[in-house]
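**Student:** Test case, fold it:
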Amino acid sequence: EWEREGAGMDSIEGLWIRAVACAFLIIGLITLYAGIMQAASTVKIVADQRVRYDLEKKVFVAEGNVRISQDSTSIRCDRAEIATDKKIARLTGAAELTQPDVTLTGDVFTIYFNEKRVIAEGNVVLAKDEVVPEAGNQDQAKGQGKEAPAGKAVKKEKVTLKSNRLEYWTEKKECTAEGS
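**Tutor:** Here you go, the predicted model:
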């Protein structure tokens, strides 16, 4: 009978240890999930014509006046293929990306949603509003793209870049261009 009580205690202790371990595991998973959800923002996709999803390939295809939005970035094109597991999209047909002060156009876009990066190819044009000093405020030239200090006169000027290929980071608003 002594052995049974001891065995019973071991079983209760074992269950208690397992319950605590499971609780820590659940808390860890919830924390990990919350971190992932906070890092990833929602991507919205709308199209006028055909929309389909291939379950085997995990590819979403949208056609006809496709509109994609994530945070303050909006994109339009004729056709979009999105690998949902990789969070990568290939857009064709009059592709255009707009942000509050940037417009990017090209024949083909490859978008990396998690990296917030776009590679535009073919007839690429990037137009960006830059803050430049008014005449007589040349000390402001170093701070282009930033708000002017109080009392300093500045104006916005559109800067245009044309290239064959351009890589653009939507969050940092930085780019590298190749070709003429």
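**Student:** what's the following helix or strand after the helix or strand of the chain with the lowest mean pLDDT?
**Tutor:** Within the chain, no helix or strand scores below helix 2-39, which has a mean of 46 by mean pLDDT, DSSP states H and E. Downstream of helix 2-39, the next assigned helix or strand under DSSP states H and E is strand 43-46.
**Student:** the strands in this protein, which residues?
**Tutor:** 43-46, 51-54, 59-70, 73-83, 88-99, 102-112, 117-133, 154-169, 174-178 (DSSP state E).
**Student:** quick one: Asp129 and Phe113, what's the gap?
**Tutor:** 25 Å (CB to CB, to the nearest Å). Heads up, the C-betas are built off the backbone N, CA and C, glycines and all.
**Student:** higher neighbour count, the two?
**Tutor:** Phe113 (20 against 14; other CB atoms under 10 Å).
**Student:** could you dump the strands of the chain to CSV with mean pLDDT?
**Tutor:** Shown next, in CSV, are these (pLDDT from 0 to 100):
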stretch, mean pLDDT
strand 43-46, 83
strand 51-54, 89
strand 59-70, 91
strand 73-83, 93
strand 88-99, 94
strand 102-112, 95
strand 117-133, 90
strand 154-169, 89
strand 174-178, 91
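**Student:** residue contacts, the closest residue in space to Thr103 that isn't next to it in sequence?
**Tutor:** Once flanking residues are discounted, Thr103 sits nearest to Ala127: 4.6 Å by CB to CB, 6 or more residues apart in numbering. Ala127 is in contact with Val102, Thr103, Leu104, Lys158, Val159, Thr160, Leu161, counting by CB atoms under 8 Å, 6 or more residues apart in numbering.
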